[in-house]
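In: give me a 3D structure for the following:
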Amino acid sequence: MASIDIIKNKCVGCKKCVSACPFGAIEVENKKASIGEKCTLCGSCAEGCPFGAINFVRDEIIKNDLSEYRGIWVFAEQRKGKLKSVALELLGKARELAEDLDTETVAVALGHNIENLSKELIAYGADRVMVIDADWLSDFNDQVYGEIMVDLINEHKPEIVLMGATSNGRSLAPCISSALRTGLTADCTVLETDREERLLLQTRPAFGGNLMATIVCPNNRPQMATVRPKLFKPLGPDYTRQGRVDILSVHSQIEGFVKKIRDIDNEEEINLTEADIIVGVGKGIGNQKNIQLAQELADALGAALGASRPVVDSGWMPYSQQVGQTGKTVAPKLYIACGISGAIQHLAGLADIETIVAINNDPDAPIFKVANYKIVGDVKEILPLVTEKIRNKNK
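Out: Here you go, the predicted structure:
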């Protein structure tokens, strides 16, 4: 385990360690340095000390026998017996990666009354399906699901594990990676392989979306990544494909680990990620009251209502409806951007949209660069006119 301490009889109080520490964790009093609770064990101070007065012990890097690990796993997230779209999207990407690495694609499904999902998972690209079906798994719990996944991974040793960056996936993935002491890259936008090193190249936005970082996990397995829904396209299903199905059981002590308190059906989240039409609201709408104008258009179109981050940060709409780099990735057939400027962070949440209609009073708004149809004007005046036209057409 990493540790750091000051060797008092060597410290002369030169304060070079103070300037070397990027976290302001070191103070010098009576010509002796002391390290505070802000320390992150980065080691910068030890490198900056000219007197060798800081004893820094790094974590030992433990290398697994990587040759034992083979196969690409996809956590087949489902809800009430219906697969999440991201599970099928990840299977398509997993097949591509598996062909690069000459290995198999495995779908892992946990839940109750889910044995019928095996055929669908194989049709969408799984070579093998591992199913654990029990009534006490009907409700998702990250600790219970996490313990099961950790046991399966330790036994079967996959080299890559992919999960959807859904609310469940974002909760479950770190439970698994921390238990296995392996790396996890969240919200990846690109997944590729280094065939020679058998590395998963995991690319994701960094520094507020201003650059893309590619991350690797060279020393530990499995390599884990989460991916937002709608980023990858699923393969066309082939229901003639043959695959192996393993019906597994788990240790009984996990059963009854947590009792269900209540079931909350978050329809907003479901509608937004699955919607064919989305009306997106930006700060150009003016105020929270004016969001009703966008809601009326959404109702007329049978659309879901989305929001930019500034709208959510202002408390005008809930986070569950946020579209963008720090919200949800969506791929509707039609996206109507109402008063959205088009910051790169928002555009990062728009994937493979057939048609974008943008309404903004700024003719130079970045959103117009990606829009198929552009309306320059006051969104508060334009929305009622568009809504009325739609309603009249629907009569």
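In: low-confidence bits of the protein, can you list those?
Out: 1, 59-64, 208-209, 251-271, 395 (pLDDT under 70).
In: mind listing the helices for it?
Out: Here the chain has its helices, by DSSP state H, at 16-20, 44-48, 85-101, 117-123, 142-156, 167-180, 267-274, 291-301, 309-313, 344-347, 379-394.
In: got CSV for the ones you listed, with mean neighbour count and distance to Asp133 too?
Out: (Each C-beta comes from the backbone N, C-alpha and C, glycine too.) Shown next, in CSV, are the helices of the chain (neighbours: other CB atoms under 10 Å; distance: least, CB to CB, whole Å):
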stretch, mean neighbour count, distance to Asp133
helix 16-20, 18, 56
helix 44-48, 17, 51
helix 85-101, 22, 16
helix 117-123, 22, 9
helix 142-156, 18, 12
helix 167-180, 19, 18
helix 267-274, 17, 23
helix 291-301, 19, 38
helix 309-313, 19, 38
helix 344-347, 19, 40
helix 379-394, 15, 44
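In: distance to Ala337 added to these, as CSV?
Out: Below are these laid out as CSV (distance: least, CB to CB, whole Å):
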stretch, distance to Ala337
helix 16-20, 47
helix 44-48, 44
helix 85-101, 23
helix 117-123, 34
helix 142-156, 35
helix 167-180, 25
helix 267-274, 15
helix 291-301, 10
helix 309-313, 12
helix 344-347, 8
helix 379-394, 9
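In: between those, which gets nearest to Gln321?
Out: helix 267-274 (5.8 Å; CB to CB).
In: pretty sure Gly377 is touching Ile359, no?
Out: Yes - between Gly377 and Ile359 there is a contact under CB atoms under 8 Å: 7.0 Å.
In: neighbour count winner among these two?
Out: Each of Gly377 and Ile359 has its neighbours counted (other CB atoms under 10 Å); Ile359 has more, 29 against 12.
In: my guess is that one contacts Val379. True?
Out: Yes - under the criterion of CB under 8 Å, Ile359 makes contact with Val379 at 4.8 Å.
In: between those two, which contacts overlap?
Out: Common neighbours of Ile359 and Val379, using CB atoms under 8 Å, 6 or more residues apart in numbering, are Cys338, Gly339.
In: against Ile72, how distant is Thr166?
Out: 19 Å (CB to CB, to the nearest Å).
In: who has more neighbours, these two?
Out: Ile72 (28 against 23).
In: ok, the more buried one - contacts?
Out: By CB under 8 Å, 6+ apart, the neighbours of Ile72 are 94, 97-98, 101, 103-106, 158-162.
In: swap in Cys217?
Out: Cys217 neighbours (CB under 8 Å, 6+ apart): Thr182, Gly183, Thr185, Leu199, Leu200, Gln202, Gln223, Met224.
In: which non-adjacent residue is nearest the fourth one?
Out: Yep, that's Leu199 we're talking about. Counting by CB to CB, 6 or more residues apart in numbering, Val216 is the residue found nearest to Leu199 once chain neighbours are left out, at 4.9 Å.
In: now the one you found: how far from Gly183?
Out: 8 Å.
In: same check on Ile153?
Out: Counting by CB to CB - Ile153 and Gly183 are separated by 14 Å.
In: any idea how the protein splits into domains?
Out: 3-57, 66-254, 267-394 (automatic domain parsing).
In: what number of residues lie near the closest residue in space to Leu88 that isn't next to it in sequence?
Out: Nearest residue to Leu88, sequence neighbours excluded (CB to CB, 6+ apart): Pro234, at 4.0 Å. Counted with other CB under 10 Å, the neighbours of Pro234 add up to 17.
In: ok, Gly286 next?
Out: 13.
In: now do Tyr335
Out: 26.
In: is it true that it touches Val357?
Out: Yes - judged on CB under 8 Å, Tyr335 makes contact with Val357 at a distance of 7.3 Å.
In: which neighbours do the two share?
Out: Joint contacts of Tyr335 and Val357 (CB under 8 Å, 6+ apart) do not exist.
In: quick one: contacts for Thr182?
Out: Shown in contact with Thr182 (CB under 8 Å, 6+ apart): Cys217, Asn220, Arg221, Pro222, Gln223, Met224.
In: ok, these vs Ala343, which is closest?
Out: Met224 (29.4 Å).
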